[in-house]
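*Asks:* I would like the atomic coordinates for the input below:
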Amino acid sequence: MPKWAPIIYREFYDVPRAVVASDDQRMYLFDCPFDETRDGYASDYDVYLMPSLSQSDLSGSWVDLGQRATRRLGRVAVSSVRFDETRRREIDLDILEQTHETA
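*Replies:* Numbering: from 1, shown residues only. Below you'll find the predicted structure:
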């Protein structure tokens, strides 16, 4: 059964490219920044465990938000992440079980 969680996001190209989601206990950042040298987005999200962030923390730029992480959980393929039908409201946090480190 999916573990749906509401999201806040920045950047949208086919799917949200920077996503903050939380369950009852933790907050996560899924980050897929634009790569200027490739002129496109990466195929993976970098996934981070975040400290509790306030609305004011999330109101500005998210460019360096990953630097505030308490821990990097790994990477997950963008194509593997399930969003609600609008791709703008919820994410299935079951994907966290598939995070992995890459070289």
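*Asks:* middle-most residue in this structure, spatially?
*Replies:* The C-alpha lying nearest the average C-alpha coordinate of the chain belongs to residue 30 (CA atoms, centre = their mean; 1.5 Å).
*Asks:* now the farthest one out in this structure, which residue is it?
*Replies:* The chain, CA atoms, centre = their mean, max distance from centroid: residue 37 (21.6 Å).
*Asks:* can you tell me how far that one sits from residue 49?
*Replies:* For residue 37, the distance to residue 49 equals 28 Å [CB to CB, to the nearest Å]. In this view, the C-beta of every residue, glycine as well, is placed from N, C-alpha and C.
*Asks:* got it, and residue 74?
*Replies:* With CB to CB as the criterion, residue 74 and residue 49 are 10 Å apart.
*Asks:* now swap in residue 2 and tell me
*Replies:* 20 Å.
*Asks:* so the residue nearest to residue 99 when sequence neighbours are not counted: helix, strand or coil?
*Replies:* Leaving aside its sequence neighbours, residue 99 sits nearest to residue 74 (CB to CB, 6 or more residues apart in numbering; 3.7 Å). Secondary structure, DSSP: H, G, I helix; E, B strand; the rest coil: residue 74 is strand.
*Asks:* next, give phi and psi for residue 82.
*Replies:* In terms of degrees, to the nearest 10, the main-chain angles of residue 82 are phi -100, psi 130.
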